[in-house]
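>>> one predicted model, sequence on top.
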Amino acid sequence: MAKILVVDDDGIIRGVTSRILESEKYHIDEACSLSEAREKIVQNDYALVLLDLRLPDCDGLRSIVTLKELRPQLDVVVLTGYGTLDSVIEAMRAGAVDFLLKPCSAQQLRDTVKKAVAKRELSQENKMLRALNEMKDKFLTLVSHELRTPLTIIYGYLSIMQRQGASLDKEQRELVGIVLKSTRQLISIVNNIQTITQAEAGEIKLHLQPVLPRKLMMDVLTEMKSSVTDRKLNMHVEDGNELPPINADSIRLRQAMMELVQNAIRNTPDGGEITVGATQKDERILLWVKDTGIGIPLSEQTKIFEPFYEVANVEQHGSSNSRFQGGGIGLGLSLVKAVIEAHKGFVRFESEPNHGTLFEISLPMTLENAPNELLDRINFSPDRSVPTT
């Protein structure tokens with residue numbers, strides 16, 4: 001429980017205050033002067049100090065300043081029998097978090113202390129969360145940076161080996177293909193991590209150019225053809241033939257659509273159906289991915305766009321992008337949201353357990369380039385021999 005120091009030169013007030021707070025399970029120390037309070041504060045970590053402004057060895061607001069100089073993070077509640085609006089304002093300016101006019105009721109004392117302690121605990125929790133968030137960002141930045149170069153080198157040499165396949169026997173070619181596929185997957189994960197960290201820092205940069213919705217969808221389906229065939233899934237494009245081009249970052253938009261299709265593949269049983277489509281509504285283009293899969297549990301639907309959140313049971317986790325109910329690292333949907341919001345668009349979904357899921361992307365057709373905006377080409381494109389950096 002919180003440790004509190006009661007500082008007052010009146011022994012009766014100190015005693016009554018201590019007993020009231022001890023009944024609330026607080027740990028209480030007492031001091032009758034500023035000098036004694038200073039000694040105790042140096043030796044102990046108090047959550048709160050209840051401070052009388054009229055002490056034998058210090059009079060007025062200087063006592064607050066003195067204690068705060070010893071421990072800047074210390075919270076002080078002022079006890080005074082000479083309260084005016086001006087004195088309260090001055091006490092707050094000096095660093096007090098609240099005040100009590102003597103005499104006060106036991107309930108007023110309890111409520112004020114409870115509020116001050118709760119505020120302090122919340123502040124400490126927020127500081128801890130901020131520190132953890134900073135550590136996470138630094139870790140993710142270091143991971144993506146340190147992995148990028150070796151992965152690019154590995155991928156480059158594997159691609160050369162694959163192109164020179166005539167000098168390899170059948171088993172060697174198969175092994176190179178397996179390692180190359182796994183390297184693609186690692187590069188994709190690194191790219192996704194970097195995109196998420198950029199999004200959280202508000203640093204996603206777009207290279208806008210005309211993108212035909214139909215071609216975008218066909219490219220995604222072509223790339224996912226082997227996964228769909230292996231799983232005996234029926235996947236096709238619906239509509240989008242006559243749609244005009246939209247102004248978008250083709251690499252990042254393709255990345256987002258790939259994630260939605262992979263999500264549909266992972267959550268649709270063998271023999272199921274996946275539909276990719278596009279249409280125009282007013283001055284916006286709608287892209288969607290619909291599946292006949294297992295759907296999203298109602299209890300999970302508010303969390304699916306959170307980074308590193310996985311609906312699948314972690315104990316049954318699998319890293320395959322195509323296996324039914326195969327897992328990832330929980331970045332796919334948060335990446336989709338980040339990329340689409342960078343395009344001034346939004347993502348919505350409809351899902352019913354055991355009755356499939358629909359994800360719909362809404363994009364403006366006339367997004368304009370920002371001044372001096374450059375393409376941050378960190379994304380891997382599987383139809384290239386080496387990822388661009």
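Arrived safely. Numbering: from 1, shown residues only.
>>> what about stretch 43-54, start to end distance?
23 Å (C-alpha to C-alpha, to the nearest Å).
>>> now do that stretch: everything it contacts.
Outside stretch 43-54, the residues within contact range by C-beta atoms under 8 Å, 6 or more residues apart in numbering are 2-10, 13, 17, 29, 37, 40-41, 59-61, 63-64, 67, 74-82, 87, 91, 96, 100, 113, 116-117, 120-121. C-beta coordinates here come from the backbone N, C-alpha and C atoms, glycine included.
>>> buried stuff in that stretch?
Residues of stretch 43-54 classed as buried: 46-53 (neighbour count, 16 or more other C-beta atoms under 10 Å).
>>> a strand runs through residue 275, doesn't it?
Yes - according to DSSP: H, G, I helix; E, B strand; the rest coil, residue 275 belongs to a strand.
>>> rewinding a little: which pair in the buried residues of stretch 43-54 spans the largest distance?
Between any two of the buried residues of stretch 43-54, the greatest separation by C-beta to C-beta is 20.3 Å, found for 47 and 53.
>>> that older thread, columns pLDDT on top of the buried residues of stretch 43-54, output as JSON lines?
Formatted as JSON lines, those follow (pLDDT from 0 to 100):
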{"residue": "46", "pLDDT": "88"}
{"residue": "47", "pLDDT": "86"}
{"residue": "48", "pLDDT": "89"}
{"residue": "49", "pLDDT": "90"}
{"residue": "50", "pLDDT": "91"}
{"residue": "51", "pLDDT": "89"}
{"residue": "52", "pLDDT": "87"}
{"residue": "53", "pLDDT": "81"}
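>>> for the residues you listed, which one is nearest residue 208?
Of the buried residues of stretch 43-54, the one sitting nearest to residue 208 (C-beta to C-beta) turns out to be residue 47, at 53.1 Å.
>>> what segments of the stretch 101-250 of the chain are helices?
106-163, 170-200, 213-223, 225-230, 250-266 (DSSP state H, counting those that start in this stretch).
>>> please identify the most buried of those.
helix 250-266 (a mean of 24; mean count of other C-beta atoms under 10 Å).
>>> re earlier: among the buried residues of stretch 43-54, which lie within strands?
Applying DSSP state E to the buried residues of stretch 43-54, the entries found in strands are 48-52.
>>> tell me the one of the residues you listed nearest residue 250?
Out of these, the member with the shortest distance to residue 250 (by C-beta to C-beta) is residue 48, at 57.7 Å.
>>> please report the distance of the closest one from residue 21.
When distance is defined by C-beta to C-beta, to the nearest Å, residue 48 is 10 Å away from residue 21.
>>> any common contacting residues for those two?
Counting by C-beta under 8 Å, 6+ apart, the residues touching both residue 48 and residue 21 are 4, 113.
>>> in contact with residue 25, which residues?
So residue 25 contacts residue 1 (C-beta under 8 Å, 6+ apart).
>>> surely it is in a helix?
No - counting by three-state DSSP, residue 25 is not found in a helix; it is coil.
>>> could you tell me which of the contacts of stretch 43-54 belong to strands?
3-7, 29, 59, 76-80, 96, 100.
>>> these, buried ones only, as a ChimeraX selection?
Of those, the buried ones go into a single ChimeraX selection, burial set by 16+ other C-beta under 10 Å:
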select :4,5,6,7,29,76,77,78,79,80,96,100
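>>> possible to save the ones in strands among the contacts of stretch 43-54 as TSV with distance to residue 358 and pLDDT?
Shown next, in TSV, are the ones in strands among the contacts of stretch 43-54 (distance: C-beta to C-beta, whole Å; pLDDT from 0 to 100):
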residue	distance to residue 358	pLDDT
3	55	88
4	56	90
5	60	92
6	62	92
7	64	90
29	62	90
59	71	69
76	56	89
77	55	89
78	59	87
79	62	83
80	63	78
96	55	84
100	58	83
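>>> closest to residue 291 among the ones in strands among the contacts of stretch 43-54?
residue 3 (56.3 Å).
>>> just grab the bridge partners of the closest one for me.
Using DSSP bridges, the beta-bridge partners of residue 3 come out as residue 27.
>>> give me the angle between the helix or strand containing residue 350 and helix 250-266.
Assigned by DSSP states H and E, residue 350 belongs to strand 346-351. Using axes from the mean of the first three to the mean of the last three C-alpha atoms, to 10 degrees, the direction of strand 346-351 lies 10 degrees away from that of helix 250-266.
>>> distance from the helix or strand that strand 346-351 is followed by to the middle of the chain?
Sequence-wise, the next helix or strand downstream of strand 346-351 (DSSP H and E) is strand 357-364. With C-alpha atoms, centre = their mean, to the nearest Å as the basis, strand 357-364 stands 22 Å off its chain's centre.
>>> got a list of contacts for strand 357-364?
Here strand 357-364 has contacts from 246, 248, 253, 256-257, 260, 263-264, 267, 281, 283-291, 293, 295-296, 336, 340, 343-351, using C-beta under 8 Å, 6+ apart.
>>> can you tell me which of those residues are buried?
246, 248, 253, 256-257, 260, 263-264, 267, 284-291, 293, 295-296, 336, 340, 343, 345, 347, 349, 351.
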